[in-house]
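J.: Predicted model and sequence below, questions to follow.
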Amino acid sequence: MAKWWDERLPLPRMMHDQFIDFPTPRNLNYLWTFGGILTFCLVAQIVTGIVLAMHYQPSAAEAFNSLDHIRRDVNYGWLIQAMHAVGASMFFIAVYIHIFRGLYYGSYRAPREILWILGVFIFLAMMATAFMGYALPWGQMSFWGVTVITNLFSSLDQVIPGLGTAIVQWLWGGYSVSGTTLNRFFSLHYLLPFVIFGLVILHIWALHVAGQNNPTGIEIKTKSDSLPMYPYAVAKDAVGLFAFVILFAWFVLFLPDYLGHPDNFTEANPLVTPPHIVPEWYFLPFYAILRAIPDKLGGVIAMFASIAILAFIPWLDRSPVRSAKYRPIYKWFFWLFLISCLALGYLGSKPAEGVYVFWARIFTLYYFAHFLIVMPIVSSIETPTKTPRSITEAVLGEDEAAGAGAGVPAGAAAAPEHR
Ligand code: HEM
């Protein structure tokens, strides 16, 4: 049957070559299970989202109550709705771990630049999807979050008078956030995950052309450096996914609303502004950057630049080695960067005043300095520590590696720089 199919459309062969026999580095740690976990998150969001859409009403009059109806009346609606809402947070937890893994081990370096840049586009699309999804329950935070963020475009009035206002009114479909806005957000919120899906296919394709990076940052050179994806990497992915699902289920079953905001249990009211308008936790670092800049347009530019800059790091890092494991100076800056992001997240949740703004400015400065100053300079002056000669040597040590099949070339896909 597979042979019959293969002669007509070689899908079984492709699946076999790319997901069963594919050579994966033998030293991957659990941080490499997050790609699979993210794929699971995307599928879970799409499946639960499709079911929710069967019962949700995207109108200003009915949206809030339709959520209540889903949670109370629809069979297992409470579960599906909680899975979708908690799932968004879990998706972002996983993507942040996935991105920081890439930053630490230099997975963005050649020949994986396109793979990385596709990741940046996926991240942007995820943010747009989550932002529009948060509008749908039509609670107070939904309404005011949309009002604040869409209004950011009005800062373009500083460039061409009237342009910003025109864009904002075009986005709203009127002169304020209304049911019209909600309806188009619903349409785009349904559409974008499929765009993400397409981008993920390209992302995985690019990954399979370049081959996977690994904790040493050294490419696969000999057959003993790699193992077939099935059963080795697949089994490890299953363990990682299982642990992740336990955490996911714990939130869904015990604290389904913990990650949300209490104000969103009050229906949207254009006449009452909540005292503190805050986005979901995963946007907080970017929100802190936005508010750290005293000028509105400047804040918007800084916020978008903080994501766009990620696309350029393959060229800002010039170190002769990929992995921070062998970079005695850069390693410390990596942790400083991580701390800065967490600090920005905390500051984004606080009111934009006094000491909070002061520190948000300091950490915003470091955020950009990390990429524009620290990365190029440290990578040029630092002397890396001794790297193992091969992945096998990193796992088995020098003596055993010598007897473990060194010299036998691995599959072409695993050694892209030699092609
Ligand atoms: C829906 C979101 C995403 C999905 C489903 C996804 C999926 C995957 C998968 C399955 C892998 C291979 C397994 C692994 O290395 O963990 C991978 C690798 C990778 N991803 Fe993603 N990814 C997503 C988002 C991102 C983002 C936002 C970035 C960066 C901005 C990124 C950058 C990378 C890089 C650099 C690799 C290669 C890692 C290596 O081999 O060391 N990904 N991704």
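T.: Cool, got the structure. Keep in mind it's a predicted model, so treat the numbers as computed, not measured.

J.: Just want the residue of the stretch 51-200 of the chain that's nearest the ligand.
T.: The nearest approach of the stretch 51-200 of the chain to the ligand comes at G119, 2.3 Å away (C-beta to the nearest ligand atom). All C-beta atoms are positioned from the backbone trio N, CA, C, and that covers glycine.

J.: Which residues are in contact with that residue?
T.: Residues in contact with G119 (C-beta atoms under 8 Å, 6 or more residues apart in numbering) are 98-99, 102, 203.

J.: ok, it to F337 distance?
T.: Distance, G119 to F337, by C-beta to C-beta, to the nearest Å: 17 Å.

J.: do F197 as well
T.: For F197, the distance to F337 equals 30 Å [C-beta to C-beta].

J.: Kindly report the same for G87.
T.: 28 Å.

J.: Please apply the same query to P275.
T.: Taking C-beta to C-beta, one finds P275 at 32 Å from F337.

J.: How about I99?
T.: From I99 to F337 the distance is 11 Å (C-beta to C-beta).

J.: likewise D317?
T.: In terms of C-beta to C-beta, D317 sits 12 Å off from F337.

J.: can you check K331 too?
T.: K331 is 11 Å from F337, where distance means C-beta to C-beta.

J.: Could you tell me which residues of the stretch 1-150 of the chain lie near the ligand?
T.: 32, 34-36, 38-39, 42, 95, 98-99, 102, 105, 107-108, 112, 115-116, 119-120, 122-123 (C-beta under 6 Å from any ligand atom).

J.: are any of the residues you listed buried, and which?
T.: Neighbour counting over these (16 or more other C-beta atoms under 10 Å) leaves 32, 34-36, 38-39, 42, 95, 98-99, 102, 105, 107-108, 112, 115-116, 119-120, 122-123 as the buried ones.

J.: So which of those residues belong to helices?
T.: 34-36, 38-39, 42, 95, 98-99, 102, 105, 115-116, 119-120, 122-123 (DSSP state H).

J.: between P275 and F337, which one's more packed in?
T.: F337 (22 against 6; other C-beta atoms under 10 Å).

J.: I figured that one was touching Y367, is that so?
T.: Yes. The pair F337 / Y367 is scored as a contact, 7.5 Å apart, by C-beta atoms under 8 Å.

J.: Phi and psi next, for the residue of the stretch 201-350 of the chain found nearest the ligand.
T.: Residue nearest to the ligand within the stretch 201-350 of the chain: N213 (3.1 Å; C-beta to the nearest ligand atom). With angles defined as degrees, to the nearest 10, N213 sits at phi -80, psi -180.

J.: Leaving out sequence neighbours, find the closest residue to it.
T.: Computed as C-beta to C-beta, 6 or more residues apart in numbering, the closest residue to N213 that is not its neighbour in sequence is S107, at 4.3 Å.

J.: my read: that neighbour touches I99, true?
T.: No. Counting by C-beta under 8 Å, S107 sits too far from I99 to count as a contact (9.6 Å).

J.: what's the distance between Y346 and I149?
T.: 20 Å.

J.: if we can go back for a sec, among the contacts of G119, which pair sits farthest apart?
T.: Farthest apart among the contacts of G119 by C-beta to C-beta are I99 and H203. That separation is 12.6 Å.

J.: quick revisit: which one of Y346 and I149 is surrounded by more residues?
T.: Using other C-beta under 10 Å, the more surrounded residue of Y346 and I149 is I149, with 20 against 15.

J.: Need the residues that contact whichever strand or helix holds that one.
T.: Secondary structure from DSSP states H and E places I149 in helix 140-151. With C-beta under 8 Å, 6+ apart as the test, helix 140-151 has contacts from 131, 134-136, 168, 171-172, 176-177, 181, 185, 261, 263-264, 266-270, 272-274, 277-279.

J.: circling back to that earlier point, tally of neighbours for the residue of the stretch 201-350 of the chain closest to the ligand?
T.: With other C-beta under 10 Å as criterion, N213 counts 26.

J.: What residues does it make contact with?
T.: N213 neighbours (C-beta under 8 Å, 6+ apart): 25, 105-107, 112, 322.

J.: Any chance of those in a markdown table with pLDDT as columns?
T.: Shown next, in a markdown table, are the contacts of N213 (pLDDT from 0 to 100):
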| residue | pLDDT |
| --- | --- |
| P25 | 98 |
| Y105 | 98 |
| G106 | 98 |
| S107 | 98 |
| R112 | 98 |
| R322 | 98 |
